[in-house]
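[1] Fold the following and give me the result.
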Amino acid sequence: MRKILIAAALAGIAGFSPSKAKAELPPLLEGLTEQQIRDTMDFVVGNLVFVAFHEAAHMMIDELDLPVTGREEDSADILSTLILLKDNSDYLDQALIATAAAQVIAGEDFAKSGLELPFWDEHGLDKQRAYNVACLAYGKDPEKFSAFADAMQLPDRRKQRCAMEYADVEKGWSRILADHIMPVGGLGQFPVTYEPTQETEMEFFANVAREAKVLGVLEDKISEQFIFDAPIKVTMKDCGFVNAYWDPSAREMVFCHELMVWHAEMLTRQFRN
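    Next comes the predicted model:
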């Protein structure tokens, strides 16, 4: 499943070419072909896009005082997936597939580690999250996402329920968000800051995020569609750890350069193994 899913995820997300980044290639990408570098960066950008919408979902739950009846991480996964799917954009669809591929790889790598599965964690298990994304996508448009569902080896008994699952969550979230829709002509409220990295090995990835204006998609798809009391800061920066998070006290979504490197490492291992 892993190889087929990776191939589906690399169908072209960002249209990146190595010449677009002004920094020299980091050691992580050395020895790869130009196509493998392009594929790696498409994979990295696709995952960053999904993570951006996932954190935006946390922000919306907090800022708009939206109800959550289960784990907030599950709600953020579902809401972000719905927003991506409703746009009917090939770019955002590929971000979903790239994320599912990353979750499958992460889940299989963790299984090989011999460590106990983190059933206690606030997040669902990696591969469960991937299957849920695939089911919602397939449920919305079985023809368009048939290859994705097949690459995920989504069982027929789950496929049969996916249309109902999508309809249920779409109806629920539409009702919850109805009072927060921005009037036509609303203004964006997500100022984005790309801080320079202090780490040489992350400079290439920081340049790609900044030059591709990856996080600008949040203003296009979130801040111009929903009403917020005041602007929400969006920052990409060095964190010293792999993460992305919503900081309610600062009213800021933070995306770490280290997360891009982590996803790049994940895919380059597949090329080298």
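[2] Against Pro231, how distant is Pro248?
    Going from Pro248 to Pro231 by Cβ to Cβ, to the nearest Å gives 15 Å. In this view, the C-beta of every residue, glycine as well, is placed from N, C-alpha and C.
[3] Next, Met253: secondary structure please.
    What DSSP: H, G, I helix; E, B strand; the rest coil gives for Met253 is strand.
[4] That one: neighbour count?
    Residues lying near Met253 (other Cβ atoms under 10 Å) number 26.
[5] go on, Glu219?
    Neighbour count for Glu219, taken as other Cβ under 10 Å: 19.
[6] I'd guessed it sits against Gln225; true?
    No: the criterion here is Cβ atoms under 8 Å, and Glu219 misses it with Gln225 at 10.0 Å.
[7] What ranges does the chain have for its strands?
    Using DSSP state E, the strands of the chain run over 192-194, 233-237, 244-247, 252-256.
[8] Just give me how far the shortest one sits from the chain centre.
    This points to strand 192-194. For strand 192-194, the distance from its own C-alpha centre to the chain's C-alpha centre is 18 Å (Cα atoms, centre = their mean, to the nearest Å).
[9] Give the pairing partners of it; include direction for each.
    Partners of strand 192-194 in the sheet, by DSSP bridges, are strand 233-237 (parallel).
[10] Can you give the contact residues for the strand it pairs with?
    Strand 233-237 has contacts (Cβ atoms under 8 Å, 6 or more residues apart in numbering) with 190-195, 197, 206, 209-210, 215, 218, 250-257.
[11] Would you mind listing the buried residues in it?
    Using 16 or more other Cβ atoms under 10 Å as the test for burial, strand 233-237 gives Val234, Thr235, Met236, Lys237.
[12] same check, this time on stretch 26-40
    By neighbour count with 16+ other Cβ under 10 Å, stretch 26-40 contains the buried residues Pro26, Leu28, Leu29, Leu32, Gln36, Ile37, Arg38, Asp39, Thr40.
[13] Please name the nearest non-neighbouring residue to the residue nearest the centre of the chain.
    Nearest to the geometric centre of the chain sits Phe50, at 1.5 Å (Cα atoms, centre = their mean). Ranked by Cβ to Cβ, 6 or more residues apart in numbering and with sequence neighbours excluded, the top spatial neighbour of Phe50 is Thr99, at 4.0 Å.
[14] Which single helix of the protein contains the most residues?
    The residue-count maximum for a helix in the chain (DSSP state H) belongs to helix 34-63.
[15] Are there helices or strands packed against that one, and which ones?
    Here helix 34-63 touches helix 72-86, helix 90-113, helix 203-212, helix 217-218, strand 244-247, strand 252-256, helix 257-272, going by 3 or more Cβ pairs under 8 Å, 6 or more residues apart in numbering; DSSP states H and E.
[16] Against which helices or strands is the third one packed?
    Taking 3+ Cβ pairs under 8 Å, 6+ apart as contact, the helices and strands that helix 203-212 lies on are helix 34-63, strand 192-194, strand 233-237, helix 257-272.
[17] between it and helix 34-63, how many degrees?
    70 degrees (axes from the mean of the first three to the mean of the last three Cα atoms, to 10 degrees).
[18] just the angle between helix 203-212 and helix 257-272, please?
    Helix 203-212 and helix 257-272 are oriented at 110 degrees to each other (the same axes, to 10 degrees).
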